[in-house]
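>>> below is the structure, and that's it, no one-letter string:
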């Protein structure tokens, strides 16, 4: 058994936790969930109707199904450095995530047209 294999149960658990949380958020407020999760409306609609066995099957992959939405080294560095005004840093992070989501949605709209 490789060293990586010992992490598989943790990956499965994290995936299932993510999916269950996503489904709960979607059922509470579909549009807020889409914004917070960074998912398209079609994906949200698909996740909402999955049964527990289907969620467990989806979670059982050997890869993470959620991803880090801030994947730029410069952004991570700037968002994690010391700040005199902590609240502004949280606002900056929200703006960056929102901008990324809007850009990806616009890209999807252009692709489908």
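In hand now; what should we look at? Computed from a predicted structure; not experimentally measured. Numbers count the residues shown, from 1 in each chain.
>>> the closest residue to residue 11 other than its chain neighbours and residue 19, how far apart?
Computed as CB to CB, 6 or more residues apart in numbering, the closest residue to residue 11 that is not its neighbour in sequence is residue 64, at 6.2 Å. Yep, even glycine has a C-beta here, placed from its N, CA and C like the rest. According to CB to CB, to the nearest Å, residue 64 and residue 19 sit 11 Å apart.
>>> what about these two, which has more around it?
Using other CB atoms under 10 Å, the more surrounded residue of residue 64 and residue 19 is residue 19, with 20 against 11.
>>> quick check: that one touching residue 57?
No - look at residue 19 against residue 57 with CB atoms under 8 Å: they stay out of range, at 10.3 Å.
>>> got the contact list for the helix or strand where residue 10 lies?
Here residue 10 sits within helix 8-28, counting by DSSP states H and E. Residues from elsewhere that reach helix 8-28, judged by CB atoms under 8 Å, 6 or more residues apart in numbering: 32-34, 36-37, 39, 44, 47-48, 50, 55-56, 58-66.
>>> just those: which are in strands?
Of those, none are assigned to strands by DSSP state E.
>>> whichever of those end up buried, select them in PyMOL.
If you want just the buried ones from the contacts of helix 8-28 in PyMOL, going by 16 or more other CB atoms under 10 Å, the selection is:
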select buried, resi 33+34+37+39+44+47+55+59
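>>> narrow the contacts of helix 8-28 to those in helices?
32-34, 36-37, 44, 47-48, 55-56, 58-59 (DSSP state H).
>>> export those to TSV and append columns for distance to residue 81 and pLDDT.
TSV is the format used below for the ones in helices among the contacts of helix 8-28 (distance: CB to CB, whole Å; pLDDT from 0 to 100):
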residue	distance to residue 81	pLDDT
32	29	91
33	30	93
34	30	90
36	24	88
37	26	91
44	33	96
47	35	96
48	38	96
55	37	97
56	40	96
58	36	96
59	34	96
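>>> same list (those residues) but as JSON lines, adding distance to residue 74.
Shown next, in JSON lines, are the ones in helices among the contacts of helix 8-28 (distance: CB to CB, whole Å):
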{"residue": "32", "distance to residue 74": "29"}
{"residue": "33", "distance to residue 74": "29"}
{"residue": "34", "distance to residue 74": "27"}
{"residue": "36", "distance to residue 74": "24"}
{"residue": "37", "distance to residue 74": "24"}
{"residue": "44", "distance to residue 74": "30"}
{"residue": "47", "distance to residue 74": "31"}
{"residue": "48", "distance to residue 74": "35"}
{"residue": "55", "distance to residue 74": "35"}
{"residue": "56", "distance to residue 74": "38"}
{"residue": "58", "distance to residue 74": "33"}
{"residue": "59", "distance to residue 74": "32"}
